[in-house]
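> Build me a model from this:
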Amino acid sequence: MELHSDPDRLLPVDPRTRDIARGLYESVADLPIISPHGHVDPRMLLDDEAFPNPTDLLLRYDHYVTRLLHAAGIPLNELSVPDLTGSAPTADPRSAWRRFSENWHLFAGTASGYWLQHEFTELFGITEHPSAENANAIYDQISAVLARPSFRPRALFDEFGIEFLATTDDPMDELDAHRALAADPTFRGRVAPTFRPDAYTNPANPGFVANVQRLAEWSGKPVDDYAGYITALEARRAHFVANGAVSSDHGVLQPLTVDLDASEAAGLYSRAVRGELTDAESTVFQAHMLLESARMAVQDGLVMTVHPGVFRNHSAPTFDAFGPDTGHDIPVATTYVDALRPLLQRYGNIPDFHLVLFSVDETSYSREIAPLAGFYQSLYIGAPWWFLDAPDAVLRFRAAVTETAGFYRSSGFIDDTRAFLSIPARHDMSRRLDSAFLARLVAEGRIDEPMARKIVHDLVDAQPRKVFKL
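Have a look, this model is predicted:
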């Protein structure tokens, strides 16, 4: 079967509306990519080495892909994901690619299938749907492209038109790779770190005690000194700011904030470092630290992004065998109005404080997030994320939030990916969908075409620059 990318993909079916959408899309299709939140390893760009093989690049680390194959009965080790227990052999890359190709039909209609098809056709010149019969030929075709100097990470960074790329980094990272890239005159573009403190602020995290011990050793304060702990986190944030960071990221189960006085917080912290907190107490301390992170953001200017509502590592046997980020993180219902009220009472109308709220619970957009963002000056609506970063879900998002909060309380598109090659596919998808949504409003007489053109440009460029203070 022939594989191709329709030039009008994702645009409306109605001819008049499609013509409007096509014009809007073409006006922004080639604008630079601004990626304020993602998980690409900066060392990939620093080392600039050839990608090893198609499986490592497109399959093994993409849990959007591996989770659906696993659901079809294919063990993760057969997809080249190593079994950490050593109880099962790990398939070689070519064999794993064959398993993926045999099951390509599983991705029809999915966001990951859409992005992969974009990559196959636009980057590798593949003209057939993957299958058992052509798996080896496509593997070899991709491998030949990977060997080209023009397909090294830095060359692709330029070809993709990436102007700004944010990574996600441990608070104790010295950020050597970021400094080296910033000092390299041959590298064009900006790669910024993002402060991700969850493993240092959530006592339920398995690495919490070891992490705060590292932090205490670095700061020279006793590990059970709460004031020293706060000062050390502030100092690590300052280190990130000095190395170009624009935001912090907080992945919490619920966006709960609790206002504790210093003595209450110190008491919980001293017990947390001894591993003595109950689950309920751990939740309260993490909620207090989310509020503390907002206070720090007001002081140091980092944009605060909150990614809640994901039950991490849902399958204990899979986590034990294969570790995290292997496809079994599952969305949960999320509420914001009561949970964030202590934070918004204090900081919600401080214009220089920017709080970007994400959700994987669609019901929260129109019910809570859009109304909150329609009042609080500091609050912005994060783009559809993770399980919602798919064409129909993005259009539902626009419909859910726009009538309440408009276009200018949103963050602009966020790709949130570690799959480097999918970045242009994801941003192109967003530009097409925003063009489609705006075209409908034009066709219905709700806005005029000049306004739609301004909005689609701002969503791609001006809005992410404003929200993330670029």
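
> Check which helix or strand the residue sitting nearest the centre point of the chain maps to.
Centroid-nearest residue in the chain: Asp416, 1.9 Å away (criterion: Cα atoms, centre = their mean). Assigned by DSSP states H and E, Asp416 belongs to no helix or strand.

> give me every residue that touches it.
Counting by Cβ atoms under 8 Å, 6 or more residues apart in numbering, Asp416 touches His37, Gly38, His39, Trp385, Trp386, Asp389. All C-beta spots, glycine's among them, are computed from the backbone N, C-alpha and C.

> same thing with Arg432?
Here Arg432 is in contact with Arg9, Leu10, Leu11, Ala21, Tyr25 (Cβ under 8 Å, 6+ apart).

> Identify, from those, the entry nearest to Ala242.
Tyr25 (39.1 Å; Cβ to Cβ).

> neighbours of the closest one, just the number please.
23 (other Cβ atoms under 10 Å).

> Disregarding residues adjacent in the polypeptide, which is nearest to Leu433?
Leaving aside its chain neighbours, Leu433 sits nearest to Val394 (4.8 Å; criterion: Cβ to Cβ, 6 or more residues apart in numbering).

> can you tell me how far the one you found sits from Met429?
Per Cβ to Cβ, to the nearest Å, Val394 is found 8 Å from Met429.

> what's the answer for Ser150, then?
In terms of Cβ to Cβ, Ser150 sits 24 Å off from Met429.

> Which one's more surrounded, those two?
More crowded of Ser150 and Met429, by other Cβ under 10 Å: Met429, with 23 against 9.

> what about that one, which SS state?
helix (DSSP: H, G, I helix; E, B strand; the rest coil).

> surely it meets Leu10?
Yes. Using Cβ atoms under 8 Å, Met429 makes contact with Leu10 at a distance of 6.6 Å.

> Quick check: neighbours shared by those two?
Common neighbours of Met429 and Leu10, counting by Cβ under 8 Å, 6+ apart, are Pro391.

> residues in contact with Leu233?
Applying Cβ under 8 Å, 6+ apart to Leu233 gives the contacts Pro171, Pro197, Tyr200, Thr201, Leu215, Met296.

> among the contacts of Asp416, who's most crowded?
Neighbour tally across the contacts of Asp416 (other Cβ under 10 Å): the maximum, 27 neighbours, falls on His37.

> ok, now which ones touch that residue?
Ala166, Thr168, Thr194, Ser247, Asp249, Thr305, Ile414, Asp415, Asp416.

> strand partners of the helix or strand hosting the fifth one, parallel vs antiparallel please.
Which is Asp249. For Asp249, the host element (DSSP H and E) is strand 247-250. Strand 247-250 pairs in its sheet with strand 194-195 (parallel), strand 303-306 (parallel), by DSSP bridges.

> The following helix or strand past that strand: which residues count as buried?
As assigned by DSSP H and E, the chain's next helix or strand after strand 247-250 is helix 262-272. Neighbour counts over helix 262-272 (16 or more other Cβ atoms under 10 Å) mark Ala265, Ala266, Leu268, Tyr269, Ser270, Arg271, Ala272 as buried.

> what's near enough to touch the second one?
Ala266 is in contact with Tyr226, Ala227, counting by Cβ under 8 Å, 6+ apart.

> Quick check: Pro450 vs Thr66, distance?
With distances taken as Cβ to Cβ, Pro450 is found 45 Å from Thr66.
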